[in-house]
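*Asks:* Fold the following for me, if possible:
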Amino acid sequence: MANLIDEFQQGMVSRRKLLELLTGAAGSVALAQAQSGNPTKAPTGIVEPPKFSPANIGGGGRIERDFYREWLKSGKVPTLEGYSLYDAATQELQPWPEIGGRGLYMNFPGNVHMDCVIQEIPAGKALNPRRHFYEQIVYVLGGRGYTTVGSGNKPNKVSWGEGSMFTVPVNSLHRHFNSDPAHPARLLLITTFPFMIQVFGSMGLISDSNFTFNDRYDGAPGYFTSTERVRKRWDKTNYVKDVRSAEVVLWEERGDGNASMYFDMGGNTVLEPHVSEFEVGSYKLGHRHPYEAIIVTLNGKGYSLAEKDKLKDVEAVKIDWKAGSIVSPPFFWYHQHFNTGATKARYLAITEGDFPLRLGIPLKVEQIEAGEEDPQIKMHFDREVRRG
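*Replies:* Down below sits the predicted model:
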């Protein structure tokens, strides 16, 4: 598995080929690990021979480095691989001395810009104060507490509970506190760490830099309380009390009864969260996009289908989900979400927005309209709904 991903990072294996192989035997193992809650550990103390760029890249022969893969292999962070996690709220976590609590790092194969982290704060305690040279969106999986942001005598304080979402401004000193003396609190962090370590190759820059992004965070007292509707389905805000019940606006381009809301948070230039909701007995139209996405189910139950070049019911990968599930569809695969429960289904999706376009990657979302859909997909969905 590691060699395959290394070859992918060197350009010797395409993203599509990698994910095609992962959905075979290797992918089944990775997915089983994720859903069974058995984290994988990166090997330590192994010195590998240098890898050289292939001949089709600049004539070949240049020593290639992959700072992200090196970090995964050499670090002591508890890690889990796969592209879905069925229950993040109850997933077994491991001691993580660096953060001062327990946690789990999720490496989604094919994602090279975004990652996903679960952190647990002991009852009545706090995690270690930290600052990171990358973007973060925080979703509260369980518990209640608060986070301080900024240095000095009067840091900003944002109080949170289950369902809350907020951003930690880039490189701002922050600390997460658990207000419950009897129960742990659990946070889900989506970050741009993989992209930043690949660009700069320096953990010192990411963890030890004191640079201040004053345009993103200036310490204003209303930083976590101000919300402004800037477009029809866009709110500019740094905190949402409960995204499970936050307002959504009708958006039927993705299917009848669909509604959504996007959030511009913390001046982030990569991470773009949005909430999407669809009715009982309905499902999203199949689509694919040339940007990474990490999806957290907020309520309801159902399943998703994913397939590389098309979306045929008998050939697609089926991923079941419920409240608290995490799914990261393979890059540029078609995928489709189905609500089989008795209530509206809602999920929080964190994507890269138009970031790939700024990297020179054509940003074209492709959708399978209702008349072009495989008829077996609707028949399968009807069976699932009747089954309950």
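*Asks:* if I look at Asn128, how far off is Phe224?
*Replies:* Separation of Asn128 from Phe224 (C-beta to C-beta, to the nearest Å) stands at 21 Å. C-betas here are computed from N, CA, C, even on glycine.
*Asks:* More neighbours: those two, which one.
*Replies:* Phe224 (19 against 12; other C-beta atoms under 10 Å).
*Asks:* Now do stretch 292-301: distance to the chain's middle.
*Replies:* Centroid separation between stretch 292-301 and its chain, computed with C-alpha atoms, centre = their mean, to the nearest Å, is 9 Å.
*Asks:* and if you look at stretch 379-388?
*Replies:* 29 Å.
*Asks:* pLDDT-wise, which helix or strand of the protein ranks last?
*Replies:* helix 25-36 (a mean of 36; mean pLDDT, DSSP states H and E).
*Asks:* these two touch, right, Ala342 and Val280?
*Replies:* Yes. Between Ala342 and Val280 there is a contact at 6.4 Å, judged by C-beta atoms under 8 Å.
*Asks:* Neighbour count: these two, which is higher?
*Replies:* Val280 (14 against 11).
*Asks:* which SSE is the more buried one in?
*Replies:* For Val280, there is no host helix or strand (DSSP states H and E).
*Asks:* the strands in the stretch 51-200 of the chain, which residues?
*Replies:* Applying DSSP state E, counting those that start in this stretch to the stretch 51-200 of the chain gives strands spanning 51-52, 63-64, 79-81, 84-85, 94-96, 101-107, 115-121, 136-142, 144-149, 156-161, 165-168, 174-178, 185-191.
*Asks:* okay, those strands in JSON lines with mean neighbour count, distance to Ala293 and mean pLDDT next?
*Replies:* Converted to JSON lines, the strands of the stretch 51-200 of the chain look like this (neighbours: other C-beta atoms under 10 Å; distance: least, C-beta to C-beta, whole Å; pLDDT from 0 to 100):
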{"stretch": "strand 51-52", "mean neighbour count": "15", "distance to Ala293": "29", "mean pLDDT": "74"}
{"stretch": "strand 63-64", "mean neighbour count": "12", "distance to Ala293": "27", "mean pLDDT": "70"}
{"stretch": "strand 79-81", "mean neighbour count": "22", "distance to Ala293": "18", "mean pLDDT": "86"}
{"stretch": "strand 84-85", "mean neighbour count": "24", "distance to Ala293": "12", "mean pLDDT": "93"}
{"stretch": "strand 94-96", "mean neighbour count": "15", "distance to Ala293": "26", "mean pLDDT": "95"}
{"stretch": "strand 101-107", "mean neighbour count": "22", "distance to Ala293": "14", "mean pLDDT": "94"}
{"stretch": "strand 115-121", "mean neighbour count": "23", "distance to Ala293": "11", "mean pLDDT": "97"}
{"stretch": "strand 136-142", "mean neighbour count": "22", "distance to Ala293": "13", "mean pLDDT": "98"}
{"stretch": "strand 144-149", "mean neighbour count": "20", "distance to Ala293": "25", "mean pLDDT": "98"}
{"stretch": "strand 156-161", "mean neighbour count": "18", "distance to Ala293": "23", "mean pLDDT": "97"}
{"stretch": "strand 165-168", "mean neighbour count": "26", "distance to Ala293": "16", "mean pLDDT": "98"}
{"stretch": "strand 174-178", "mean neighbour count": "22", "distance to Ala293": "25", "mean pLDDT": "98"}
{"stretch": "strand 185-191", "mean neighbour count": "24", "distance to Ala293": "10", "mean pLDDT": "98"}
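*Asks:* what would the ones you listed look like in CSV with distance to Phe381?
*Replies:* Listed next are the strands of the stretch 51-200 of the chain as CSV, based on distance: least, C-beta to C-beta, whole Å:
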stretch, distance to Phe381
strand 51-52, 45
strand 63-64, 45
strand 79-81, 30
strand 84-85, 19
strand 94-96, 38
strand 101-107, 28
strand 115-121, 28
strand 136-142, 28
strand 144-149, 37
strand 156-161, 34
strand 165-168, 29
strand 174-178, 40
strand 185-191, 28
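*Asks:* Ok, which of those comes nearest His289?
*Replies:* strand 185-191 (16.6 Å; C-beta to C-beta).
*Asks:* For the closest one, give me every contacting residue.
*Replies:* 88-89, 114-121, 132, 134-145, 176, 178-179, 271, 273, 294, 296, 326, 350 (C-beta atoms under 8 Å, 6 or more residues apart in numbering).
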